[in-house]
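[1] This is the structure alone, sequence omitted:
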Ligand SMILES: [Ca+2]
Ligand SMILES: [Ca+2]
């Protein structure tokens, strides 16, 4: 057999690696945890949701009294997967002394699981003192604790009530060490929800006609994609289906409509996703959990939605 040229071999190896990655998502082999990243002190961090675990959006950034210098003051560098390579590259954000960064999760939520729930990927061997707080709505904050030194993870058990889901994380630099200069304050590369559920949100206007709970034909494609994602997570999952409305109309009508819509969504998905009834929770929350202000058409549209929350298997 003739030997392949090195480039071809490398391309084939890369293709095999990528295909293996597609076939083995983080939750498919819990013992092996291919969705592992390496944090401070080369600590291996297993993230059951893989790349979906990381913060997705900057809500706000206040660089504090002694800010770091550009380009190390870009809060977006803390989004997505850890990508730090060296201190001369702006792959991370330096918070500044007393700097405060608020991040949001979009396709996932933070939940309390056994042990650590939240992990901050900081740059450098020493984690600079940073206070962490979490919030479900971005308004009501609960301080979880501080990370410092060799510790970059927190357990939210002491502040989370059973079943609560959090979409926001706030990091506030509180240390005096490393204050001022180019990289002032804590250097944040990425923030991951270890305790996490996947969150798939559907625009009610795509799934339903106004005031109705019968799926429109256009809903099929959206829900087929969702079914494929659920099936890729295996059978050891728990699903919560939540219906939500805007604030127009009475509370009672909105509760009824939101629950009927959540039921319609699961009735459709159940044909493709085989799960025992005990693994599925369906509820209507009416107008009680807005994700945007109810003072504009855009806000109303964002609030009218059905959410699927998927907890990965805990067989680790
Ligand atoms: Ca925990
Ligand atoms: Ca980064």
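    Perfect, thanks for sending it. Fair warning: this is a prediction, and the values are worked out from it, not measured in the lab. Residues are numbered from 1 along each chain as shown. Ligands and ions are numbered 1, 2, ... in the order given.
[2] and the residue nearest to residue 153 when sequence neighbours are not counted, how many neighbours does it have?
    Nearest non-adjacent residue to residue 153, counting by CB to CB, 6 or more residues apart in numbering: residue 116, 4.0 Å away. For every residue, glycine as well, the C-beta is placed using N, CA and C. Other residues within reach of residue 116, judged by other CB atoms under 10 Å, total 16.
[3] This protein: helices as residue ranges?
    Ranges of helices in the chain, per DSSP state H, are 6-23, 204-207, 219-232, 251-269, 297-303.
[4] Which strands or helices does the fourth one pack on?
    Okay, so that is helix 251-269. Under the contact definition 3 or more CB pairs under 8 Å, 6 or more residues apart in numbering; DSSP states H and E, helix 251-269 sits against helix 204-207, helix 219-232, strand 238-244, strand 280-284, strand 305-311.
[5] in the sheet, who's paired with the spatially most central residue of the chain?
    Centroid check for the chain by CA atoms, centre = their mean gives residue 108 as the closest residue, at 3.1 Å. Counting by DSSP bridges, residue 108 forms beta bridges with residue 198.
[6] List the residues that contact it.
    Going by CB atoms under 8 Å, 6 or more residues apart in numbering, residue 108 touches 49, 52, 53, 56, 193, 196, 197, 198, 199.
[7] and of those, the nearest to residue 137?
    Minimum distance to residue 137 across the contacts of residue 108 is 14.3 Å, recorded for residue 199 (CB to CB).
[8] Just the buried residues of the contacts of residue 108.
    Buried subset of the contacts of residue 108 (neighbour count, 16 or more other CB atoms under 10 Å): 49, 52, 53, 193, 196, 197, 198, 199.
[9] Would you check which pair of those lies furthest apart?
    Across those, the longest distance by CB to CB is 11.8 Å; it joins 53 and 199.
[10] Next, count neighbours for whatever residue of the stretch 201-316 of the chain ends up closest to ligand 2.
    Residue of the stretch 201-316 of the chain nearest ligand 2, by CB to the ion: residue 312 (23.7 Å). Using other CB under 10 Å, residue 312 is surrounded by 26 other residues.
[11] quick one: contacts for it?
    Taking CB under 8 Å, 6+ apart, we find residue 312 in contact with 26, 27, 48, 49, 196, 197, 198, 233, 236, 237.
[12] Farthest pair within these?
    Farthest apart among those by CB to CB are 196 and 236. That separation is 15.2 Å.
[13] between the buried ones among the contacts of residue 108, which is closest to ligand 2?
    Nearest to ligand 2 among those: residue 53, at 13.7 Å, using CB to the ion.
[14] Distance check, that closest one against ligand 1.
    Noted for residue 53: a distance of 15 Å to ligand 1, by CB to the ion, to the nearest Å.
[15] Do I have it right that that residue meets residue 193?
    Yes. At 5.3 Å, residue 53 counts as touching residue 193 under the criterion of CB atoms under 8 Å.
[16] pLDDT weak spots in the stretch 101-250 of the chain?
    Of all residues in the stretch 101-250 of the chain, none has pLDDT under 70.
[17] ok, which stretches of it are strands?
    In the stretch 101-250 of the chain, the segments counted as strands under DSSP state E, counting those that start in this stretch are 108-110, 118-122, 127-135, 142-149, 153-154, 168-173, 187-193, 196-203, 238-244.
[18] of all those, which lies closest to residue 161?
    strand 142-149 (10.0 Å).
[19] helices or strands up against the closest one?
    When contacts are defined as 3+ CB pairs under 8 Å, 6+ apart, strand 142-149 packs onto strand 118-122, strand 127-135, strand 153-154.
[20] Pull the number of nearby residues for residue 225.
    11.
[21] Renumber starting at 13 from here on
    With 13 as the first residue, the last one maps to residue 237.
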